[in-house]
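J.: sequence first, then the predicted structure, then my questions.
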Amino acid sequence: MPEVSVIIPVYNGEKYIKDAINSALNQTFKDLEIVIVNDASTDNTEKVIFENFGEFINKDNIKYFKNKENKGRNISGNIGAEKASGKYLFFLDADDLWEKNHIETVLKEFIKDGSLDIVFAKPRTFIDESGKIKRISKSKIEKDLDKIIFSSKIGFPSATAFKKESFIGYNPEFKYREDIELFIRARLKGQHIKILDTDTVLIREHSSPTRMSKTNFFYQYTLILYQEYKDKIPKKYLPYFYFHISEIAFKFGDFKIAYKMLIEAIKQNPKVLLDKKNLLTFLKRAIRIDRMLTSNFTH
């Protein structure tokens with residue numbers, strides 16, 4: 001039985017899936033299996049996988065499963081977790097990459113502290129479609145873990161690893177924002193979470209329609225997230241949760257909701273704007289009156 005299972009859900013990922021799988025195979029930590037869940041891709045994803053790794057599939061350290069219909073990254077991830085044999089679950093999006101020491105680095109934290117349920121390796125490097133570095137984040141990591149989680153400043157499945165026995169699963173109802181929702185739910189359940197500043201995860205930013213943050217569904221599920229957790233998040237952290245909802249609403253042009261959430265956040269805790277990043281977001285989006293006047297966003 002392998003120590004680690006790497007779960008790679010993929011939908012129409014023919015362009016990047018080979019690199020993602022190699023990224024897992026080339027890890028310095030070798031006691032692992034790779035669980036690929038093809039979410040009913042309609043492109044050449046399956047062909048690419050079998051042409052490059054067919055000799056290892058279901059014979060060596062690669063398991064391959066294919067959904068009969070498209071189910072979404074959340075459910076595909078859960079299917080991968082069910083099929084996994086490892087003690088620890090590492091998720092990798094089919095278009096992202098890891099540095100060679102990623103698993104080894106994260107695994108050391110689980111071994112060092114047996115109480116950990118989730119380890120999140122903060123991504124700092126963002127790459128383009130060709131794999132070239134677009135930007136490197138210099139943002140500081142808050143000391144208050146709950147503030148990070150409840151303000152939705154954590155996510156990215158490719159940066160998240162779980163102890164399998166305490167994996168609560170992605171919510172089947174959240175086709176989008178499923179990573180944020182899982183962290184909030186896990187923390188409310190009292191799970192132990194640690195954030196590492198390793199820069200071992202490379203997040204790919206591209207214009208593909210499958211990149212969730214580019215779609216209106218992303219915003220719709222942000223509002224669902226709000227409705228689900230506005231009465232559950234500790235009062236101390238609600239202003240930061242409201243500010244996040246406001247930020248996304250501004251991004252998608254829904255100024256009515258954006259200002260409502262922003263005012264509520266400031267009313268509950270004026271210090272929410274003392275956060276440098278929050279203040280810059282406010283200046284960038286909230287005072288764009290021209291956009292508000294020309295916006296015809298409806299929901």
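T.: Nice, thanks for sending it over. Numbers count the residues shown, from 1 in each chain.

J.: CA only for contacts and neighbour counts going forward, please
T.: Noted.

J.: who's in contact with residue 43?
T.: 12, 13, 14 (CA atoms under 8 Å, 6 or more residues apart in numbering).

J.: top of those by neighbour count?
T.: Neighbour counts for those peak at residue 13, which has 25 neighbours (criterion: other CA atoms under 10 Å).

J.: what is the burial count for the nearest residue to that residue once chain neighbours are set aside?
T.: For residue 13, ignoring the flanking residues on the chain, the nearest one in space by CA to CA, 6 or more residues apart in numbering is residue 45 at 5.6 Å. The tally of other residues near residue 45 (other CA under 10 Å) stands at 21.

J.: need the contact list for residue 45.
T.: Residue 45 neighbours (CA under 8 Å, 6+ apart): 11, 12, 13, 14, 15, 17, 38.

J.: greatest separation within these: which pair is it?
T.: 15 and 38 (14.0 Å; CA to CA).

J.: more neighbours, these two?
T.: residue 38 (27 against 15).

J.: residue 94 versus that one, what's the distance?
T.: For residue 38, the distance to residue 94 (CA to CA, to the nearest Å) stands at 10 Å.

J.: shared neighbours of these two, anything?
T.: Contact criterion CA under 8 Å, 6+ apart; residues bridging residue 38 and residue 94 by contacting each: 9, 10.

J.: show me what the helix or strand harbouring residue 104 is packed up against.
T.: Assessed by DSSP states H and E, residue 104 sits inside helix 102-112. Helices and strands touching helix 102-112, as assessed by 3 or more CA pairs under 8 Å, 6 or more residues apart in numbering; DSSP states H and E, comprise strand 118-121.

J.: any idea how far the strand it packs on is from the chain center?
T.: Here strand 118-121 is found 11 Å from its chain centre; the criterion is CA atoms, centre = their mean, to the nearest Å.

J.: now do it, average pLDDT.
T.: Average pLDDT, strand 118-121: 98.

J.: in its sheet, what does that strand sit against?
T.: strand 160-163 (antiparallel), strand 193-196 (parallel) (DSSP bridges).

J.: could you identify the helix or strand that succeeds that strand?
T.: Criterion used, DSSP H and E; the element after strand 118-121 is strand 125-127.

J.: other SSEs contacting that following strand?
T.: With contacts taken as 3+ CA pairs under 8 Å, 6+ apart, strand 125-127 sits against strand 133-136, strand 201-204.

J.: what residues of the first one count as buried?
T.: Residues of strand 133-136 classed as buried by neighbour count (16 or more other CA atoms under 10 Å): none.

J.: after it comes which helix or strand?
T.: As assigned by DSSP H and E, the chain's next helix or strand after strand 133-136 is helix 145-150.

J.: in that next one, what's buried?
T.: Buried residues in helix 145-150 (16+ other CA under 10 Å): 146, 147, 148, 149, 150.

J.: if you drop the residues flanking it in sequence, what lies closest to residue 99?
T.: residue 200 (4.9 Å).

J.: tally of neighbours for the one you found?
T.: By other CA under 10 Å, 22 other residues sit near residue 200.

J.: thank you kindly, that will do.
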